[in-house]
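1. model the following, please.
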Amino acid sequence: MVAKGLIGLSGVFIGIGEILGGGMFGLLFFNNQFRRTSAILLGVIAHLLGFYLIFLMIPGDAPIASADSSHYKPYLSPSPVVALVCSFLLGLGDSCFNTQLYSIIGILYPEESGPAFGSFKFIQSVSAAVAFGYSNYLVLSLQLLILTIFCFFGTISFFIVEKIEANASDLQDF
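-> The predicted model follows:
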């Protein structure tokens with residue numbers, strides 16, 4: 001089966017997206033030509049495009065049914081190339097979010113960065129464990145809806161914190 005053979009390649013393409021995204025942001029932020037909010041917007045676009053392509057290509061009951069017993073038909077014919085593009089987009093979006101979250105945590109908590117990063121990683125790990133727990137029980141469309149909702153509210157929350165931090169740093173300049 002082709003889908004099983006793509007698991008390793010999918011991981012490679014996620015890694016390529018993360019490496020290219022991290023390198024790109026390192027170079028762009030080094031010259032101060034790019035803002036954190038722009039990187040987050042790129043991450044949201046990459047994630048939402050990846051979610052949409054996954055929704056179109058994979059049968060809705062794929063997480064809970066085998067390929068032979070699926071009752072849902074995908075909207076588009078599954079394509080290995082598009083699947084790998086989705087993996088790349090998810091890796092790129094992940095690097096967009098992680099680099100900017102680490103950056104703002106370091107700025108907000110310069111004296112207590114260890115506990116702040118520890119708390120962030122703890123919450124991130126618990127969230128991943130919860131998602132892993134429900135992944136075998138919810139259809140794909142519900143899983144993608146949950147990811148989309150958290151992506152949206154996480155982005156809004158980031159913009160709020162970024163605005164508060166920018167206003168606070170402007171006040172310190174006076």
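
2. next one: the helix ranked longest in the chain to chain centre, how far?
-> Ranked by number of residues, the top helix in the chain under DSSP state H is helix 140-172. Between the centre of helix 140-172 and the centre of its chain there are 12 Å (C-alpha atoms, centre = their mean, to the nearest Å).

3. can you name every helix or strand that that helix contacts?
-> Using 3 or more C-beta pairs under 8 Å, 6 or more residues apart in numbering; DSSP states H and E, the elements in contact with helix 140-172 are helix 36-57, helix 80-108, helix 113-134. C-beta here means a position set from N, CA and C on the backbone, and glycine is covered the same way.

4. buried sites along it?
-> Leu140, Gln143, Leu144, Leu147, Thr148, Cys151, Gly154, Thr155, Phe158, Glu162 (16 or more other C-beta atoms under 10 Å).

5. check contacts around the fifth one.
-> If you count contacts by C-beta atoms under 8 Å, 6 or more residues apart in numbering, Thr148 has them with Leu48, Phe51.

6. just the last one next, same as before
-> Residues near Glu162 by C-beta under 8 Å, 6+ apart: Arg36, Thr37, Ile104.

7. of those, select the buried ones using a ChimeraX command.
-> Buried residues among the contacts of Glu162 (16+ other C-beta under 10 Å), as a ChimeraX selection:
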select :36,104
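
8. wait, which of the contacts of Glu162 is closest to Glu18?
-> When these are compared for distance to Glu18 (C-beta to C-beta), Arg36 wins out at 17.4 Å.

9. low-confidence stretches in this structure?
-> The chain contains residues with pLDDT under 70 at 1-3, 28-34, 65-70, 169-174.

10. ok, the nearest residue to Val85 once chain neighbours are set aside to Ser87 distance?
-> The spatial neighbour of Val85 that comes closest, neighbours along the chain excluded (C-beta to C-beta, 6 or more residues apart in numbering), is Leu53 at 7.0 Å. Leu53 sits 10 Å away from Ser87, going by C-beta to C-beta, to the nearest Å.

11. more neighbours: the two, which one.
-> Neighbour count, other C-beta atoms under 10 Å: between Leu53 and Ser87, Ser87 has more, with 23 against 17.

12. sweet, I'm off.
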